[in-house]
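# My questions concern the predicted model and sequence given below.
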Amino acid sequence: MILKSIIPSTRRADVTFSVDGRIDISSHVVTALDIQPGDVLDVLAASDGSLFAGVRIPAESVVGNHRMACYPTKRGSRNYRTHCAEMAREILLRTFQPVRARFAAGESQMIDGRVLVALIPILQ
C-alpha cells in the first residue's frame with residue numbers, strides 16, 4: 001500500500017499571486033519590509049531568475065495613482081493586498097503556474113540601498 005499526503009504542503013504562503021491580479025501579502029512580509037498603507041510594492045528579478053519583493057515608493061512620496069499600492073485587507077489587519085494583473089500574469093508565467101503562485105519569504109536584506117525579501121516558490 002502506498003500512502004500519499006492529502007495536503008502536499010502545509011507551509012502557508014507569505015506572498016500569493018492570483019490569475020485575477022490579486023496579490024496577498026502576509027503580516028510577516030509587511031513587518032519585514034515595514035509596509036505602510038499606500039506604499040507601492042515592487043517585485044524584482046535577479047539575473048539568476050530569483051525574485052525579490054520590496055517597497056518601490058513609500059506612501060508619503062506617492063503622487064497620483066500607482067499600480068501595486070498596498071492596503072490592509074481589513075481594518076486593523078497586518079495582512080495586506082494589492083492588485084496588478086500584469087505583474088500577477090508575469091509571475092505565473094515565470095513559475096509555470098496556471099492559477100496561483102505561492103511564495104515563502106526569506107529574511108529581509110539590504111540590496112542596492114533597498115530592503116528586500118527573497119521570494120521562494122512553494123511547490124504544489
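Cool, the structure landed. Owing to the predicted nature of the structure, the values given are computational and were not obtained by experimental measurement. Residues are numbered from 1 along each chain as shown.
# Could you list the low-pLDDT ranges of the chain?
Along the chain, the model assigns pLDDT under 70 to residues 7-10, 124.
# Relative to its centre, which residue of it is most distant?
Using Cα atoms, centre = their mean, the residue of the chain lying farthest from its centre is residue 1. It sits 39.4 Å away.
# which residues does residue 109 contact?
Residues in contact with residue 109 (Cβ atoms under 8 Å, 6 or more residues apart in numbering) are 115, 116, 117, 118. No exception for glycine: its C-beta is placed from N, CA and C like everyone else's.
# out of the residues you listed, which one sits closest to residue 105?
The closest of these to residue 105 turns out to be residue 117 (Cβ to Cβ; 4.5 Å).
# before we move on, the earlier item: so which of the contacts of residue 109 comes closest to residue 72?
The shortest approach to residue 72 among those belongs to residue 117, at 18.5 Å (Cβ to Cβ).
# Against residue 43, how distant is that closest one?
Separation of residue 117 from residue 43 (Cβ to Cβ, to the nearest Å): 10 Å.
# what is in contact with the two at once?
52, 53.
# Include neighbour count, distance to residue 55 and secondary structure when you put the contacts of residue 109 into a markdown table, please.
Below are the contacts of residue 109 laid out as a markdown table (neighbours: other Cβ atoms under 10 Å; distance: Cβ to Cβ, whole Å; DSSP: H, G, I helix; E, B strand; the rest coil):
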| residue | neighbour count | distance to residue 55 | secondary structure |
| --- | --- | --- | --- |
| 115 | 13 | 7 | strand |
| 116 | 23 | 9 | strand |
| 117 | 22 | 11 | strand |
| 118 | 17 | 15 | strand |
